[in-house]
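S.K.: The sequence isn't on hand, but the structure is:
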């Protein structure tokens, strides 16, 4: 098959990029492969590299379609592909991830859909292969613009109108918040997300895009799910760099709801160490606000569902998110990444007291060593374990036979070990009959063994009740 094509790979790469001779030869091999390939005969195919001066995409090769007319009236080899017009190109150059089905606008103003794949050489991204199809008629049909000659200018306004739909209670947040379903499909986002991804150059409406098309790091949705499953973590945190800015990307897994929440916070990497600590406080404050907004959404869902079992699951999810939020609340008020554990547990206990206000006859007793200071990761683990054990006591330990129901939380240091003990004087249960499929029991065991590298024991005094003791080496918290 003889294709019509334009290319200046060697000249442009030598003059306008930092690519090596080996890189250029590899791009020429890719070019030869594209010219021998019989697929995508109805599409324009390009090779783009990164321009040294602007850091935008630079077109170095263009193969015209053989089965239909090209989307271009003139060659665009040697022209730049700007992020605001072709977000998929720059996204793939930045991350090395495939970009599928992202809308773009050509140098001649036509709307297209792109598929972008990375070109790798010696572990580096040296360029991208782009295939494009015209979607101008689809845009016109979708937005009923008729045969207006001003449709290109009007399209940005139409996109803005579409993006005003689906406002949620977390739209006031400055952070980017994206919520995905169990398959990784984006089902909701706030206005900050729409503004930020428009800044990244996304023309598509964000809803229904896949996680892999919006994440800024190198991790696919499958790898994120695998990491959650293998580590037992409740959230993942990454530092990512895009468009000469630094962001903290936090992905939170809500197990019971089969949802994944991504929170994206911009971080100024040029700050001094002192200012960076203040910025960290601000980040923790924003994360806390974001988590509380998620709690508001879960509460709103809880009011709408009729099933008592569903209400119970949502309530447990709220308590877990609030336990994590307690850590960020403390970190937002200090410059250190370590927290006083007694303060964390006080917040967890007070939240549970409010959550189970109908059980206000239950006495809550605490004996907390105020000298224990742990890193934030360990504190989150302890907070979640305490939350799970106390939830179990609130929900299952007490019946009408218990005269003065009481839950006791003790936190002490014994030699080089830390001991967390949560006990109640309620109805004992058969430990051998515990259903290991229960999420609460799973979390307690997994967090103790996998994250604290410690021991978890259940005991049942003759006088009744249940005692759960968690023991771990203090050095794990350094």
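M.R.: Now that the structure is in, tell me what you want to look at. Keep in mind that this is a model prediction, so the values were computed, not measured.

S.K.: now the end-to-end length of stretch 427-442.
M.R.: 21 Å (C-alpha to C-alpha, to the nearest Å).

S.K.: With stretch 29-47 instead?
M.R.: 12 Å.

S.K.: can you give me the offset of stretch 376-390 from its chain's centre?
M.R.: Offset of stretch 376-390 from its chain centre (C-alpha atoms, centre = their mean, to the nearest Å): 21 Å.

S.K.: again, but for stretch 349-357
M.R.: With C-alpha atoms, centre = their mean as the basis, stretch 349-357 stands 29 Å off its chain's centre.

S.K.: Then stretch 42-55?
M.R.: Worked out by C-alpha atoms, centre = their mean, stretch 42-55 lies 29 Å from the chain centre.

S.K.: in that stretch, what counts as buried?
M.R.: Across stretch 42-55, burial judged by 16 or more other C-beta atoms under 10 Å covers 43, 44, 45, 46, 47, 48, 49, 50, 51. Backbone N, C-alpha and C define where each C-beta goes, glycine included.

S.K.: Stretch 338-358 too?
M.R.: Residues of stretch 338-358 classed as buried by neighbour count (16+ other C-beta under 10 Å): 338-349, 351-353, 355-356.

S.K.: and if you look at stretch 451-466?
M.R.: Quick answer for stretch 451-466 (16+ other C-beta under 10 Å): 451, 452, 454, 456, 465, 466.

S.K.: from the residues you listed, which single one is nearest residue 213?
M.R.: The nearest member of the buried residues of stretch 451-466 to residue 213, counting by C-beta to C-beta, is residue 451 at 31.5 Å.

S.K.: That closest one and residue 232 touch, don't they?
M.R.: Yes. Counting by C-beta atoms under 8 Å, residue 451 sits close enough to residue 232 to count as a contact (6.7 Å).

S.K.: could you pull out the helices for the chain?
M.R.: Counting by DSSP state H, the chain has helices at residues 9-16, 21-36, 87-95, 136-143, 151-162, 191-199, 211-214, 221-231, 273-304, 308-331, 341-355, 376-396, 439-446.

S.K.: now those in a markdown table, with distance to residue 105 and mean pLDDT?
M.R.: Below are these laid out as a markdown table (distance: least, C-beta to C-beta, whole Å; pLDDT from 0 to 100):
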| stretch | distance to residue 105 | mean pLDDT |
| --- | --- | --- |
| helix 9-16 | 22 | 94 |
| helix 21-36 | 23 | 93 |
| helix 87-95 | 10 | 86 |
| helix 136-143 | 10 | 52 |
| helix 151-162 | 8 | 37 |
| helix 191-199 | 13 | 86 |
| helix 211-214 | 17 | 89 |
| helix 221-231 | 27 | 87 |
| helix 273-304 | 32 | 64 |
| helix 308-331 | 40 | 73 |
| helix 341-355 | 49 | 84 |
| helix 376-396 | 44 | 85 |
| helix 439-446 | 47 | 76 |
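
S.K.: winner for burial among those helices?
M.R.: Among those, helix 87-95 has the highest mean neighbour count (mean count of other C-beta atoms under 10 Å), at a mean of 25.

S.K.: Give me the distance between that one and the centre of its chain.
M.R.: So, by C-alpha atoms, centre = their mean, the centroid of helix 87-95 is 18 Å from its chain's centroid.

S.K.: Which residues outside it are in contact with it?
M.R.: Around helix 87-95, the neighbours that count as contacts under C-beta atoms under 8 Å, 6 or more residues apart in numbering are 48, 50, 56-57, 81, 83, 97-99, 102, 104, 114-118, 125, 127-128, 130, 197, 200-203, 215-218, 241-243.

S.K.: Mind giving me the ChimeraX select for those, buried ones only?
M.R.: Remark: buried members of those, expressed as a ChimeraX selection using 16+ other C-beta under 10 Å:
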select :48,50,56,57,81,83,97,98,99,102,104,114,115,116,117,118,125,127,128,130,197,200,201,202,203,215,216,217,242
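
S.K.: Identify those among the contacts of helix 87-95 that sit within strands.
M.R.: Judged by DSSP state E, those include 48, 50, 57, 81, 99, 102, 104, 114-118, 125, 127-128, 130, 241-242 as members of strands.

S.K.: Name whatever forms a beta bridge with the closest residue to residue 353 other than its chain neighbours.
M.R.: Counting by C-beta to C-beta, 6 or more residues apart in numbering, residue 364 is the residue found nearest to residue 353 once chain neighbours are left out, at 6.2 Å. Residue 364 has these beta-bridge partners by DSSP bridges: residue 407.

S.K.: contacting residues for residue 364?
M.R.: Residue 364 makes contact with 349, 353, 406, 407, 409, according to C-beta under 8 Å, 6+ apart.

S.K.: now swap in residue 30 and tell me
M.R.: Contacts of residue 30 (C-beta under 8 Å, 6+ apart): 47, 119, 127, 129.

S.K.: one more time with 10 Å, if that's ok
M.R.: Counting by C-beta atoms under 10 Å, 6 or more residues apart in numbering, residue 30 touches 9, 47, 61, 119, 121, 126, 127, 129.

S.K.: pretty sure the second one is touching residue 23, no?
M.R.: It refers to residue 47. No. The criterion here is C-beta atoms under 10 Å, and residue 47 misses it with residue 23 at 11.9 Å.

S.K.: list the residues that contact both of those two?
M.R.: Among the neighbours of residue 47, those also in contact with residue 23 (C-beta under 10 Å, 6+ apart) are 119, 126, 127.

S.K.: got those residues as TSV, with distance to residue 422 and pLDDT columns?
M.R.: Putting these into TSV (distance: C-beta to C-beta, whole Å; pLDDT from 0 to 100) gives the following:
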residue	distance to residue 422	pLDDT
119	56	94
126	56	95
127	57	96
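
S.K.: can those go into CSV with extra columns for distance to residue 66?
M.R.: Output for these, formatted as CSV (distance: C-beta to C-beta, whole Å):
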residue, distance to residue 66
119, 23
126, 27
127, 23
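
S.K.: Now flag whichever of these is closest to residue 397.
M.R.: residue 119 (61.1 Å).

S.K.: Chain neighbours aside, what residue packs nearest to residue 446?
M.R.: Leaving aside its sequence neighbours, residue 446 sits nearest to residue 232 (C-beta to C-beta, 6+ apart; 4.2 Å).

S.K.: what residues are up against that neighbour?
M.R.: By C-beta under 10 Å, 6+ apart, the contact set of residue 232 is 381, 442, 443, 445, 446, 447, 449, 450, 451.

S.K.: Could you check how far it is from residue 226?
M.R.: With distances taken as C-beta to C-beta, to the nearest Å, residue 232 is found 12 Å from residue 226.

S.K.: again with residue 211
M.R.: Computed as C-beta to C-beta, the residue 211 to residue 226 distance reads 13 Å.

S.K.: between the buried residues of stretch 451-466, which is closest to residue 316?
M.R.: Nearest to residue 316 out of these is residue 466 (C-beta to C-beta; 18.4 Å).

S.K.: Tell me who's in contact with the closest one.
M.R.: Contacts of residue 466 by C-beta under 10 Å, 6+ apart are 389, 392-393, 396-397, 422-429, 431, 458-460.

S.K.: Make CSV from the helices of the chain and add distance to residue 259 to it.
M.R.: CSV is the format used below for the helices of the chain (distance: least, C-beta to C-beta, whole Å):
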stretch, distance to residue 259
helix 9-16, 44
helix 21-36, 40
helix 87-95, 24
helix 136-143, 28
helix 151-162, 23
helix 191-199, 15
helix 211-214, 12
helix 221-231, 12
helix 273-304, 9
helix 308-331, 9
helix 341-355, 20
helix 376-396, 18
helix 439-446, 15
